[in-house]
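Asker: Predicted model and sequence below, questions to follow.
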Amino acid sequence: MLSRAASSIHWMGRYLERAENVARFIAVNSHLILDLRLDRDSAQWEPLVQASGDDEDFAARYATQTEADVVRFLTFDPVNPNSILSCIKAARENARTLREIIPSEMWEAINELHHEIERHSRKRKIDNLQDVYIAVRNASNLLEGLTENVMSHGEGWHFLRMGRLLERADKTARILDVKYFHLLPRADYFQSPYDSVHWGAVLKSVSGFEMYRQRFHRANYKDVTTFLILDPEFPRSIRFCVNGASDALQRIVRMLGVDVAATAEMEKLRAGIDTAEIEPILQGGLHEFIDVLQFNLNIVGDSLFRSFFDLEDA
């Protein structure tokens, strides 16, 4: 596979996953406001911007952190490269260059989603956007099904899978980090029912509430953190995503018969997660752990670019 095509299919997967995660975060936050009977004007929207990693960009262009501003920034802002609109547009552009590689059903689904988002792009109230977020999540699930059942499981499939899983690991880490900061547990480990509702919302943000309840009872900071970082079976836990991305890279390397630096960096990332334990993570600081994790995710991303996507060296 040419480096340009490998890059396009890898980033197509990342952009689609990014859009879906933003849709999840906003929809869950909206439902949380209703569950807690909060005033929409005074509800916290800042954590959503922080979870996207674009708080500096937001602060530079928006004067307030109101519902309307945050929803516009994360959903339809064409200047924000991580808004749903921008991600779907970028995924569509990558898919357009891959039409001879990906199944036609995938291109049609992405193209249809793009036009759906464009049609709704003038809406601002979150109450009027629930159908948009549902459409993004449903399209993502459809595309994952098409990827699994229609696309040949060759190099391109593994590049797409690796991109999607690395993006998912990053977003799970971000939402966990931000919510942990806002719900920082007290020294006596007391947890109010209010905290339990918020931790339940964290699980719903990654569609993990039901799977969590099969293993644990009440949603609390320690068990939720354990589940979302270390669970080897839940598809959105950091461990599952990193192990899956590592497997995809190993298969690509074997198919191509090459030895690349990205393999060693990915192995360091995987080993760091596989050997981690929850007590040392919490004692050393969850934020510090996630900072190191995201630094290592960036190292892997840079190494993948140099190993496979850098056209000047291709």
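Answerer: Great, that's in hand.

Asker: going forward, measure contacts and count neighbours with C-alpha atoms only.
Answerer: Will do.

Asker: Let me know the pLDDT of residue 311.
Answerer: Per-residue pLDDT puts residue 311 at 58.

Asker: so where's the stretch 1-150 of the chain uncertain?
Answerer: 1, 35-43, 123-127 (pLDDT under 70).

Asker: and what of the stretch 201-314 of the chain?
Answerer: Those would be 311-314, if you go by pLDDT under 70 across the stretch 201-314 of the chain.

Asker: Give the buried residues for the longest helix along the chain.
Answerer: If you go by DSSP state H, the chain has its longest helix at helix 3-35. Applying a neighbour-count criterion of 16 or more other CA atoms under 10 Å, one finds 3-30, 32 buried in helix 3-35.

Asker: Also stretch 50-69?
Answerer: Buried residues in stretch 50-69 (16+ other CA under 10 Å): 50, 51, 52, 53, 54, 58, 65, 66, 67, 69.

Asker: Go ahead and confirm the last one touches residue 62.
Answerer: Right, the one you point to is residue 69. Yes - assessed by CA atoms under 8 Å, residue 69 is found in contact with residue 62 at 7.0 Å.

Asker: Now do the one helix or strand residue 295 maps to against helix 3-35, angle only.
Answerer: Assigned by DSSP states H and E, residue 295 belongs to helix 286-304. For helix 286-304 against helix 3-35, the angle by axes from the mean of the first three to the mean of the last three CA atoms, to 10 degrees is 160 degrees.

Asker: which strands and helices sit next to helix 286-304?
Answerer: helix 155-182, helix 261-274 (3 or more CA pairs under 8 Å, 6 or more residues apart in numbering; DSSP states H and E).

Asker: could you say what helices and strands the last one packs with?
Answerer: I take that to be helix 261-274. Other helices and strands packing on helix 261-274, by 3+ CA pairs under 8 Å, 6+ apart, are helix 238-256, helix 286-304.

Asker: the inter-axis angle of that helix versus helix 238-256?
Answerer: 150 degrees.

Asker: So what touches helix 261-274?
Answerer: 230, 238-239, 242-243, 246, 249-250, 293, 296-297, 299-300, 303-304, 307 (CA atoms under 8 Å, 6 or more residues apart in numbering).

Asker: Show me which of these is closest to residue 82.
Answerer: residue 297 (17.5 Å; CA to CA).

Asker: just checking, residue 221 touches residue 176?
Answerer: No - Residue 221 is beyond contact range of residue 176, at 9.6 Å (criterion: CA under 8 Å).

Asker: buried stuff in the one helix or strand residue 147 maps to?
Answerer: Residue 147 belongs to helix 130-149 when assigned by DSSP H and E. Within helix 130-149, the residues that count as buried by 16+ other CA under 10 Å are 132, 133, 135, 136, 137, 139, 140, 142, 143, 144, 146, 147.

Asker: Same check on stretch 76-91?
Answerer: 76-78, 80-91.

Asker: Now do the buried residues in the helix or strand containing residue 109.
Answerer: According to DSSP H and E, residue 109 maps onto helix 104-120. Within helix 104-120, the residues scored as buried using 16+ other CA under 10 Å are 106, 107, 109, 110, 111, 113, 114, 117, 120.

Asker: One more: stretch 263-276?
Answerer: Buried residues in stretch 263-276 (16+ other CA under 10 Å): 263, 265, 266, 267, 269, 270, 273, 274.

Asker: so how far is it from its chain's centroid?
Answerer: 19 Å (CA atoms, centre = their mean, to the nearest Å).

Asker: Using the three-state scheme, assign residue 152.
Answerer: Following DSSP: H, G, I helix; E, B strand; the rest coil, we place residue 152 in the coil state.
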